[in-house]
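Asker: Predicted structure and sequence below. I'll ask about it afterward.
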Amino acid sequence: VTIEKIYGGVTARKGEQLTPFDVRRIKGREAKAAIAARAAQFVHDNDTVFLDSGTTTLHVLDNLSALHNVTIVTHSLQAMMAALPYQNLNIISLPGQLYRKTSSFTGLDVIRFLKTYNISVAFMGASAFSIEHGVSNSSPLEYEIKMTAMQRAEKSVLLLDSEKFGRTALLTYAQIADFDAIVTERMPAPEYERACREAGTELIIAELPTHAPDGGEG
C-alpha cells in the first residue's frame, strides 16, 4: 500500500497486486513474445543466463535454439520445464520452496546458491515501473532473489510490457540506472525516454508482428 498526500491529509493508494502466474501468462502474449525475442539478442554462445520468474522472460527460451552451450540458471519452475526440450541448453535449477502464485522456488537456499554463479546476462521481470519508485514487484518472497541476480550479472536487461509503465508495486528492487537495457513493445512517455537516456540505460522498442488485412496472406 502506498501513502498518497491529498488535500487535508493522506490516503492509502493500493499498489499493483500479485496476479497468479497462469492468469498473467495469457495476457498480452504477443507483446511479451516480441519483447523476449528482441531481448534474446543479448545472449551468445557459452553464456550463462539468469531467467527471472516473469511470464515475459519465459519467452526468451524460444529464441535460443540456434546458440551453443547456453546455461540457464533459474528459480522458475515454468522456465525449467520450457527449457527441457532444447538440447543446447544446460539447466541449473535453484533450490527452494515452491511459491505457486509465481510458479517459482523461493527462500534463502535460492539466494545462497545464486551467489555462487557468475551470470553473463540476467533477464528480469517486474510488476511495475515508475519514475518516482523505480522498478518494483509484488512478491516479497522474490525481492532479494531479484537483487542478487542483478548483482551477479555482467548485464541486466529488464523485459517490461508497456502497460506496466507509470505504475507502482509493493517493493522497489532496482532503479533505471541498474539496467543495461529496458526492452518494451511501445515507446513510453517522453519522461521515461529521458530518464533512460540520463541513466545511460538503453531503451529498446521490440517490433510487433504485422498482421495482414482480411483476405491477405500471413
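Answerer: Sure thing, it's come through. Residues are numbered from 1 along each chain as shown.
Asker: so what's the residue sitting nearest the centre point of the chain up against?
Answerer: Most central in the chain under CA atoms, centre = their mean is Gly125, positioned 1.6 Å from the mean C-alpha point. By CB atoms under 8 Å, 6 or more residues apart in numbering, the residues touching Gly125 are 52-57, 137, 158-160. (Each C-beta comes from the backbone N, C-alpha and C, glycine too.)
Asker: Please, where are all the strands along this protein?
Answerer: Listed in chain order, the strands of the chain (DSSP state E) span 2-6, 9-13, 48-51, 70-74, 89-93, 97-99, 104-106, 119-124, 128-130, 134-137, 153-159, 171-174, 181-184, 202-205.
Asker: CSV please, covering these and showing distance to Ala82 and mean pLDDT.
Answerer: As requested, the strands of the chain are exported to CSV (distance: least, CB to CB, whole Å; pLDDT from 0 to 100):
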stretch, distance to Ala82, mean pLDDT
strand 2-6, 34, 42
strand 9-13, 36, 38
strand 48-51, 9, 98
strand 70-74, 9, 98
strand 89-93, 10, 98
strand 97-99, 16, 95
strand 104-106, 13, 96
strand 119-124, 13, 98
strand 128-130, 25, 97
strand 134-137, 21, 96
strand 153-159, 15, 98
strand 171-174, 24, 97
strand 181-184, 19, 98
strand 202-205, 23, 98
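Asker: any chance of those in CSV, plus mean neighbour count and distance to Lys146?
Answerer: Formatted as CSV, the strands of the chain follow (neighbours: other CB atoms under 10 Å; distance: least, CB to CB, whole Å):
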stretch, mean neighbour count, distance to Lys146
strand 2-6, 9, 19
strand 9-13, 9, 23
strand 48-51, 26, 10
strand 70-74, 23, 12
strand 89-93, 16, 17
strand 97-99, 14, 13
strand 104-106, 24, 11
strand 119-124, 25, 6
strand 128-130, 21, 13
strand 134-137, 23, 7
strand 153-159, 23, 10
strand 171-174, 20, 5
strand 181-184, 24, 15
strand 202-205, 17, 20
